[in-house]
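[1] this one's structure only:
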């Protein structure tokens, strides 16, 4: 990929409070320091903040005052079962993922199926930085500055037929690059899905980067979705196929444990996971370390105002 | 000769074992100081202490088979230390969960114990360990006599509740690899006892006949 020089349309300082800016500097220094100090527990590239830069502007509409989770935590604590089930596995094993060449095949209920190259996708719409909360179904959360554009931009360019009601995402499943797709933990390839109106919602982000740079491999490079009001596993990583359907797609986690992982999986403090409560969450990287109490989980992960109308009249206890 | 050296140094072996048993905890302190308890330190120390309680349980259960195989009756002196380390790490595991995960809220804790089978099993295991830990001394052995042996057979039940606790914890993710290894170890240690009992029963009976 060509190196792209950041060309913000409006100065970033107009939309980003200065303290956030300063924190980024701090984090850059921290990144360098931890590189020096790292004692070989993680390979250096897992901590190196040297990914290619992306050109973007911050979108002030999608912003939160909360403290950003550090780059180190975001890139070393991951669920990406194609590379192992431990949180530290993806950072250690994902280097085998080949993100170039990369294509997404658009299939199903569209006028004309097509194959889009990653370079086409990167240019399809202007990149925005959006700071989203990420709430994992396991009870932890982060605050991540993603880069991408609304998935709706891509969907609009696909000539989707009127009969389409759902969208299905398929992640790469190549055992040569992904050691764990030979195991039976999940049904591979990883598939996820959304209702079409959920996919069209402006919050749903087709994501190419974080912290100003292209996505690290362990975070789902080169392209993933981010659906901030749903539990993290709904946000499929390393997508190779997008299919439009008239029937609710089968999703990997739902197939494994339908009573634990529903199709909707909206963040909901009132609906417990069978094995733990979802009322609270642990924010990763809290300053007080071990003694930081958990925080209250918000309905729709705090995006209730924006998305609750999608579910008007639905029994969310039933459609968990 | 070897047996004699072994016997005469048993006291030092015990001190060494007490020291070794503390290493997993020291490791956690060390990692904590190095800021290497992962991005989710509470999960890390909860799982680590739980795993080590299980490791010490396996070691405790392996003493009897070892004595039967090697004939080194003195090994029995290590069993109490190992057993108390099961309790020590189970305590830490429980306290971390109660203090840091449940924020010391008794009501939330009770609710969780009742509602979630894997926590029920964990809590039950911890509760069952309590009387064993309390009676792990000569005085109790003396006072309880035969009852002491009966009471301490609870460890077999605890082995089962602990395995269920671990299995159900991993249930939803179908990630049974590690827990299966521990289950295989615990079950073979228990099966050894059954096998040994049958063997000595047959031996006794054939002796009577001949």
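    Structure received. Here the structure is a predicted model, which is why all the values come from computation and not from measurement.
[2] for the residue of chain A found nearest chain B, give its distance to residue B:38.
    The nearest approach of chain A to chain B comes at residue A:77, 3.5 Å away (Cβ to the nearest Cβ). In short, each C-beta sits where N, CA and C put it, glycine included. Plainly put, residue A:77 is 6 Å away from residue B:38 if you go by Cβ to Cβ, to the nearest Å.
[3] looking at these two, which is more packed in?
    A side-by-side neighbour count of residue A:77 and residue B:38, using other Cβ atoms under 10 Å in any protein chain shown, places residue A:77 first with 23 against 20.
[4] surely that one and residue A:90 touch.
    No. Using Cβ atoms under 8 Å as the test, residue A:77 is too far from residue A:90 to be in contact (9.0 Å).
[5] related to what we said a few turns ago, for the residue of chain A closest to chain B, which non-adjacent residue is spatially closest?
    Nearest residue to residue A:77, sequence neighbours excluded (Cβ to Cβ, 6 or more residues apart in numbering or on different chains): residue B:39, at 3.5 Å.
[6] up against chain B, what does the stretch 201-320 of chain A have?
    Residues of the stretch 201-320 of chain A lying close to chain B by Cβ under 8 Å from any Cβ of the partner chain are A:256-257, A:260-261, A:272-277, A:282, A:284-285, A:289-291, A:293-294.
[7] and the nearest residue in space to residue A:107 that is not next to it in sequence, which of the three is it?
    Computed as Cβ to Cβ, 6+ apart, the closest residue to residue A:107 that is not its neighbour in sequence is residue A:243, at 4.5 Å. Per DSSP: H, G, I helix; E, B strand; the rest coil, the secondary structure class of residue A:243 is strand.
[8] re the thing from before, which pLDDT value goes with the residue of chain A closest to chain B?
    pLDDT, residue A:77: 95.
[9] measure it to residue B:37 for me?
    11 Å.
[10] residue A:203 too?
    33 Å.
[11] tell me, what residue is most central in the chain?
    Picking chain A for this. In chain A, the residue lying closest to the centroid (Cα atoms, centre = their mean) is residue A:226, at 3.8 Å.
[12] oops, I was thinking of chain B
    Closest-to-mean residue, chain B, Cα atoms, centre = their mean: residue B:57 / 2.1 Å.
[13] could you give me the buried positions within the helix or strand harbouring residue B:194?
    Per DSSP states H and E, residue B:194 falls inside helix B:177-209. Within helix B:177-209, the residues that count as buried by 16 or more other Cβ atoms under 10 Å in any protein chain shown are B:179, B:182-183, B:185-186, B:189-190, B:192.
[14] one more: stretch A:122-136?
    A:122, A:125, A:127-136.
[15] quick one: which of those residues sit in strands?
    Residues of the buried residues of stretch A:122-136 located in strands (DSSP state E): A:128-135.
[16] so where do the strands sit in the stretch 1-150 of chain A?
    For the stretch 1-150 of chain A, the strands defined by DSSP state E, counting those that start in this stretch cover A:57-58, A:103-108, A:114-117, A:128-135, A:140-150.
[17] so who does the residue nearest to residue A:102 when sequence neighbours are not counted touch?
    In space, and not counting its chain neighbours, residue A:102 is closest to residue A:118: 4.2 Å by Cβ to Cβ, 6+ apart. Going by Cβ atoms under 8 Å, 6 or more residues apart in numbering or on different chains, residue A:118 touches A:99-104, A:222-223.
[18] farthest-apart pair in the residues you listed, please.
    A:100 and A:104 (13.5 Å; Cβ to Cβ).
[19] compare those two (neighbour count), which wins?
    residue A:104 (22 against 10).
[20] which non-adjacent residue is nearest the more buried one?
    Closest residue to residue A:104 apart from its sequence neighbours, by Cβ to Cβ, 6+ apart: residue A:116 at 5.0 Å.
[21] OK, contacts around the one you found?
    For residue A:116, the contacting residues are A:103-106, A:124, by Cβ under 8 Å, 6+ apart.
[22] quick one: pLDDT of residue B:209?
    Looking at residue B:209, its pLDDT is 64.
[23] now the helices: where do they sit in the chain?
    Reading this off chain A. Secondary structure of chain A (DSSP state H): helices at A:12-15, A:18-37, A:44-47, A:71-76, A:89-93, A:118-123, A:151-156, A:196-200, A:252-256, A:304-307.
[24] switch to chain B, please.
    Using DSSP H, helices in chain B cover B:2-8, B:10-33, B:41-70, B:76-96, B:106-115, B:117-134, B:138-144, B:146-152, B:154-170, B:177-209.
[25] low-confidence stretches in the chain?
    In the absence of a named chain, this looks at chain A. Scanning chain A with the threshold set as pLDDT under 70 gives A:1-50, A:288-289.
[26] meant chain B, my bad for not saying
    In chain B, residues with pLDDT under 70: B:1-2, B:172-173, B:208-210.
[27] pull up the residues of it that are close to chain A.
    So far as Cβ under 8 Å from any Cβ goes, chain B lies against chain A at B:32, B:34, B:36, B:38-43, B:45, B:100-101, B:103, B:108, B:112, B:115-116, B:118, B:168-169, B:171-175.
[28] which of these are buried, as a ChimeraX select command?
    Only the buried members of the residues of chain B next to chain A enter the following ChimeraX selection, criterion being 16+ other Cβ under 10 Å:
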select /B:38,39,40,41,42,43,45,100,101,108,112,116,118,168,169,171,172,173,175
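[29] rewinding a little: between the buried residues of helix B:177-209, which is closest to chain A?
    residue B:179 (11.9 Å).
[30] list the contacts for the closest residue in space to that closest one that isn't next to it in sequence?
    Leaving out its chain neighbours, the residue that sits closest to residue B:179 by Cβ to Cβ, 6+ apart is residue B:166, at 4.7 Å. Going by Cβ under 8 Å, 6+ apart, residue B:166 touches B:50, B:54, B:179, B:182-183.
[31] could I get those as TSV with distance to residue A:237?
    Converted to TSV, those look like this (distance: Cβ to Cβ, whole Å):
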residue	distance to residue A:237
B:50	29
B:54	32
B:179	26
B:182	31
B:183	32
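[32] mind listing what the residue lying closest to residue A:233 once chain neighbours are set aside touches?
    Excluding its sequence neighbours, the residue lying closest to residue A:233 (Cβ to Cβ, 6+ apart) is residue A:253, at 5.5 Å. The contact partners of residue A:253, by Cβ under 8 Å, 6+ apart, come to A:186, A:233, A:260-261.
[33] would you point out the most distant pair within those residues?
    Once Cβ to Cβ is applied, the contacts of residue A:253 give A:186 and A:260 as the farthest pair, at 13.0 Å.
[34] the more surrounded of those two?
    A direct count of neighbours by other Cβ under 10 Å for residue A:186 and residue A:260 places residue A:186 higher, at 21 against 17.
[35] look up how far residue A:215 lies from the more buried one.
    As judged by Cβ to Cβ, residue A:186 and residue A:215 stand 21 Å apart.
[36] equivalent analysis for residue B:183, please.
    Residue B:183 sits at a distance of 38 Å from residue A:215 (criterion: Cβ to Cβ).
[37] whichever residue of chain B sits closest to chain A and residue B:60, how far apart?
    Of all residues in chain B, the one sitting closest to chain A is residue B:39 (3.5 Å; Cβ to the nearest Cβ). According to Cβ to Cβ, residue B:39 stands 33 Å off from residue B:60.
[38] what do you get for residue A:316?
    According to Cβ to Cβ, residue A:316 stands 47 Å off from residue B:60.
[39] I appreciate the help and will end here.
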